[in-house]
Structure formats: structure tokens, C-alpha cells
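> next input, structure requested:
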Amino acid sequence: MASIVNIHEAKTHLSRIVDEVAAGAEVIIAKAGKPMARLSPIAAPLRNKRLGLLKGKIKVPDDFNAPLDEDIRSQFEGR
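Model prediction:
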């Protein structure tokens, strides 16, 4: 839920309010009790994905996609 602050409080504590918004909070600024503006965090920019970063460091077993044994599968299925 967003917190509501009046304009005077927003001007007085702008730095603290911006820090709260950057941490994920939403703040509504009101004038004479009437909501006037909403401050919300800016979504973090998407980072470029670097494919192959772990190449040669992880080994996937040859039977990775093989069906599970019946006794193991039954533990997952709750039989």
C-alpha cells in the first residue's frame, strides 16, 4: 500500500522519500488532503545476457532426460 505525504513533508524530506521509493515503496503526494502525484520506482534496466558463461564448468549427465524409476516418480506423485 502506498504511503501518503503532503507537499510540505515531501519538500522537507525529499531525499528520504526518494530513497524509500528507490527501495520499492510507492508514495502519493497530496495537496490539502487531495492526492496529486504518485512516486513509484523506475524498473531496473534489463541487462544483456552473456551466454556460455559457464561453458565447460557444468556437466549434464547423458541420462538427464531419461524417465525416473517408478519408486522415485511415485514419491513426487504422492502415491
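> which stretches of the protein form strands?
Secondary structure of the chain (DSSP state E): strands located at 3-6, 27-31, 34-39.
> can you lay out those strands as JSON lines showing mean neighbour count?
Quick note: C-beta positions are derived from backbone N, CA and C, even for glycine. Formatted as JSON lines, those follow (neighbours: other Cβ atoms under 10 Å):
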{"stretch": "strand 3-6", "mean neighbour count": "14"}
{"stretch": "strand 27-31", "mean neighbour count": "15"}
{"stretch": "strand 34-39", "mean neighbour count": "12"}
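> with mean pLDDT and distance to residue 67 as extra columns, can I get those strands in TSV?
Formatted as TSV, the strands of the chain follow (pLDDT from 0 to 100; distance: least, Cβ to Cβ, whole Å):
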stretch	mean pLDDT	distance to residue 67
strand 3-6	95	53
strand 27-31	97	53
strand 34-39	96	52
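> adding distance to residue 19, write these out as CSV.
Compiled in CSV, the strands of the chain are given as follows (distance: least, Cβ to Cβ, whole Å):
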stretch, distance to residue 19
strand 3-6, 13
strand 27-31, 11
strand 34-39, 11
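> tell me the buried residues in the lowest-mean-pLDDT helix or strand in the chain?
When the helices and strands of the chain are scored by mean pLDDT, DSSP states H and E, helix 70-77 comes last with a mean of 88. Residues of helix 70-77 classed as buried: none (neighbour count, 16 or more other Cβ atoms under 10 Å).
> chain center to stretch 56-70, what's the gap?
Stretch 56-70 sits 31 Å away from the centroid of its parent chain (Cα atoms, centre = their mean, to the nearest Å).
> who touches it?
73, 76 (Cβ atoms under 8 Å, 6 or more residues apart in numbering).
> same question for stretch 5-16.
17, 27, 28, 29, 30, 31, 33, 36.
> those: which two are farthest apart?
Comparing every pair within the contacts of stretch 5-16 by Cβ to Cβ identifies 17 and 33 as the most remote, at 17.9 Å.
> the two - which one has more neighbours?
Taking other Cβ atoms under 10 Å, residue 17 and residue 33 do not tie; residue 17 has more neighbours (19 against 7).
> what residue ranges in the protein score low on pLDDT?
79 (pLDDT under 70).
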